[in-house]
Structures are given as C-alpha cells and as structure tokens.
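Student: I'll drop the sequence and a predicted model, then ask my questions.
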Amino acid sequence: MMRPEITWATQFANVYYDPGADQLVVTMMYSGTNPNHTFSLKWGRCKTAADGSPQISANVIDSQWQDAEQNDYQTTTRFNLGKLKCRPVNVTLRSAPRYIYQLQIPAPPASMQQ
C-alpha cells in the first residue's frame, strides 16, 4: 500500500499590520490533534529588490508541524515589529512551500522611533 503524500495544513486566514501597536497580526488556519499550536517567525535578511525597494521574507513556524491532521483550528498571533530595522519594507510571509502572503510594512510610528 502506498503512503499518502504529506499535505501542508497551515495557511493564512488573515494578515494585516496594526499601526497602533506596531505589530504584524497573523491568523493561521491549521489541522492537528489539538488547538495548542503556537506560531513564530523566522526572519530572513533585508534585501533590495530590482526596483530599489527594501524587501524581507519570514517563515511562519508551527510549533507542532508534525501533528496529525485530525481537526481544523484557527489562531491569531501578534508579532512585535519594534526590532525590524529595515522599514518601510515589503514583507513576504511563507508557511509551507505553497502558501505565501505579501504586504507592505510602513516606517515605524513616530511615537515608537528612538
């Protein structure tokens, strides 16, 4: 009997920038045996695109990426952007090879700049 191919269950339900909190807000939909998955970001390096604009990518990491797909869940995680130095910037979020979300993060709010 052939083993079924691995399927990627984590995908973006909603992503937006919250300027009041200077946070990236990411809602993930995922499958698993429990709702206790947590998500983190692994940032790449800031680069310059061909058009001269800054860009950066981040991989969304699921704490339980090997959890068996039994039930569907959704969770929202807020990521503080205070230490993200290259701004404004075009961000590419990746979750598994085929799920990509892109958005623009503006310069930090004046009240948060040092």
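Tutor: That came through fine. Numbers count the residues shown, from 1 in each chain.

Student: name all residues that make contact with residue 21.
Tutor: Counting by CB atoms under 8 Å, 6 or more residues apart in numbering, residue 21 touches 78, 80. C-beta: built from backbone N, CA, C; applies to glycine.

Student: again, but for the one 4 residues further on
Tutor: Contacts for residue 25 (CB under 8 Å, 6+ apart) come out as 14-18, 76-79.

Student: from those residues, which land in strands?
Tutor: Of the contacts of residue 25, the ones assigned to strands by DSSP state E are 14-18, 76-79.

Student: show me which of those residues are buried.
Tutor: Burial by neighbour count, 16 or more other CB atoms under 10 Å: within the ones in strands among the contacts of residue 25 this picks out 15, 77, 79.

Student: mind listing what's buried along stretch 70-86?
Tutor: Neighbour counts over stretch 70-86 (16+ other CB under 10 Å) mark 77, 79, 81, 84, 86 as buried.

Student: so what touches it?
Tutor: Residues from elsewhere that reach stretch 70-86 (CB under 8 Å, 6+ apart): 13-14, 17-18, 21-33, 35, 37-39, 41, 43, 46, 54, 56, 87, 105, 108, 112.

Student: for ChimeraX, write a command that selects the buried ones of those residues.
Tutor: In ChimeraX, a selection of the buried entries from the contacts of stretch 70-86 looks like this (16+ other CB under 10 Å):
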select :22,23,24,26,28,29,30,31,32,37,39,41,54,56,87,105,108
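
Student: inside strands: which ones of the contacts of stretch 70-86?
Tutor: The strands, defined by DSSP E, take in 13-14, 17-18, 23-32, 39, 41, 43, 54, 56, 105 from the contacts of stretch 70-86.
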